[in-house]
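A.B. asks: what's the 3D shape of this:
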Amino acid sequence: MNRSLWQRLIDRIRSRPINSEDLHQVFSEAEDNQIIGAESRIMLEGVLRMAQQTAGKVMVAAARMDLINIDAALDESMHQVIDTAHSRFPVFEGERDNIIGILLAKDLLKLQRAPALNIRTLLRPPVFIPESKGLNDLLRDFRNTRNHMALVVDEFGRVAGLITIEDVLEQIVGDIEDEFDEQDDAGDIYALVDGSFRVSGDTAIDRVEEAFGSSILVQDDLASHESRFDTIGGFIAHAMGHVPRRGEVFEINGLRFQVLITKAGAVKWFKVFALQTENLSSPASKTT
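C.D. replies: As a prediction, this is how the structure comes out:
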């Protein structure tokens, strides 16, 4: 009877003393010998990386966290939930460091049926972890407690950032696509009903220039850096001098780029307006 592919791999690992470099070599040889496929190798190497990572290395830094103010009007909070498209939000009271709970976006639907409720009644207890917590331990905690988000605190007890189960799993399987992620094709620019457009941050600069009929880099102070930037998100981040935050606006050559969604220190989506509508050509795009 033929042994399973996994049993053959296990036997290969047991054949000699193992360290991290040895394991990577074993995975490479296993792929070459068709014991495992390329995707399996990537995942196995991702497990090794995860085992060596801590929450502090993977977290979303506090400055980039999307928080809800408990004292904000309900309409304002609803718009924030819709704009950012997250499923969970830390909620603060007073200072941003004073996190009092976690709000699930789906729980806001309860307010439609029971207006007497308020956001405070919907909050779930926050989970706090140290920056040094290993991702393998954190993944086990997420699985056992069914929590999908934790707030990371530094050595002084201050909130340093947050981490989700998706952040951990992405160390194994790579970027997890969601409903806002598109395939690498011409679907990176979408027309919106208000006449603006949704543009992904990793869209090539020449694609944006072609779509909107606007030479973004020509006659600009940063034109000499053109060769350093392939994407519109990278160019705008450099031009602004920092990682853009949700809601920030950047204007250039007749176009206004408003940051819609950020993830892992990069802009996922811009909303693009024409400063003079008649100058904005209609790009080949889908309507959303």
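
A.B. asks: same for the helix or strand where residue 110 lies, what does it pack against?
C.D. replies: Per DSSP states H and E: residue 110 is located in helix 109-113. Helices and strands touching helix 109-113, by 3 or more CB pairs under 8 Å, 6 or more residues apart in numbering; DSSP states H and E, are helix 119-122. Every C-beta, even on glycine, is put in place using the N, C-alpha and C of the backbone.

A.B. asks: all strands of the stretch 51-200 of the chain, in order?
C.D. replies: With DSSP state E, counting those that start in this stretch as the criterion, the stretch 51-200 of the chain has strands at 60-61, 68-69, 88-92, 99-104, 128-130, 149-153, 159-164, 189-191, 197-200.

A.B. asks: buried set for the fifth one?
C.D. replies: Taking 16 or more other CB atoms under 10 Å as the neighbour-count basis, strand 128-130 is seen to contain the buried residues residue 129.

A.B. asks: In its sheet, which strands sit next to that strand, and in what direction?
C.D. replies: Under the criterion DSSP bridges, strand 128-130 sits next to strand 149-153 (parallel) in its sheet.

A.B. asks: for the last one, same thing?
C.D. replies: In the sheet containing strand 197-200, its partner strands are strand 189-191 (antiparallel), strand 266-274 (antiparallel), by DSSP bridges.

A.B. asks: cool, the first one as well?
C.D. replies: Partner strands and pairing direction for strand 60-61 (DSSP bridges) are strand 159-164 (antiparallel).

A.B. asks: quick one: residue 168 from residue 23, how far?
C.D. replies: Spatial separation of residue 168 from residue 23 under the definition CB to CB, to the nearest Å is 20 Å.

A.B. asks: Residue 32 now?
C.D. replies: Taken as CB to CB, the span from residue 32 to residue 23 is 15 Å.

A.B. asks: neighbour-wise, which of the two wins?
C.D. replies: residue 23 (15 against 10; other CB atoms under 10 Å).

A.B. asks: wait, that one sits on residue 49?
C.D. replies: No. The criterion here is CB atoms under 8 Å, and residue 23 misses it with residue 49 at 11.2 Å.

A.B. asks: quick one: buried residues of the helix holding residue 110?
C.D. replies: Result for helix 109-113 [16+ other CB under 10 Å]: buried residues residue 111.

A.B. asks: circling back: out of the strands paired with strand 197-200, nearest to residue 68?
C.D. replies: Nearest to residue 68 among the strands paired with strand 197-200 is strand 266-274 (19.4 Å), distances taken as CB to CB.

A.B. asks: chain center to that closest one: distance?
C.D. replies: Relative to its chain's centre, strand 266-274 lies at 15 Å (CA atoms, centre = their mean, to the nearest Å).

A.B. asks: Show me the contact partners of that strand.
C.D. replies: Outside strand 266-274, the residues within contact range by CB atoms under 8 Å, 6 or more residues apart in numbering are 180-181, 192, 196-202, 212, 232-233, 236-237, 243-244, 254-262, 280.

A.B. asks: As a check, name the ranges of all helices in the protein.
C.D. replies: Along the chain, the segments classed as helices by DSSP state H run 5-13, 20-32, 38-51, 55-58, 74-84, 109-113, 119-122, 135-145, 165-173, 205-212, 232-240.

A.B. asks: in this structure, which ranges drop under the pLDDT threshold?
C.D. replies: The chain contains residues with pLDDT under 70 at 1-22, 24, 38-39, 115, 174-187, 192-194, 217-228, 264, 276-288.

A.B. asks: Could you chop it up by domain?
C.D. replies: Per automatic domain parsing, the domain ranges recorded for the chain read 5-52, 57-173, 189-287.

A.B. asks: What count of nearby residues applies to residue 65?
C.D. replies: Burial of residue 65 is recorded as 19 neighbouring residues (other CB under 10 Å).

A.B. asks: Could you measure from the spatially closest residue to it that is not a sequence neighbour over to residue 151?
C.D. replies: In space, and not counting its chain neighbours, residue 65 is closest to residue 162: 5.6 Å by CB to CB, 6 or more residues apart in numbering. The gap separating residue 162 from residue 151 is 5 Å, by CB to CB.
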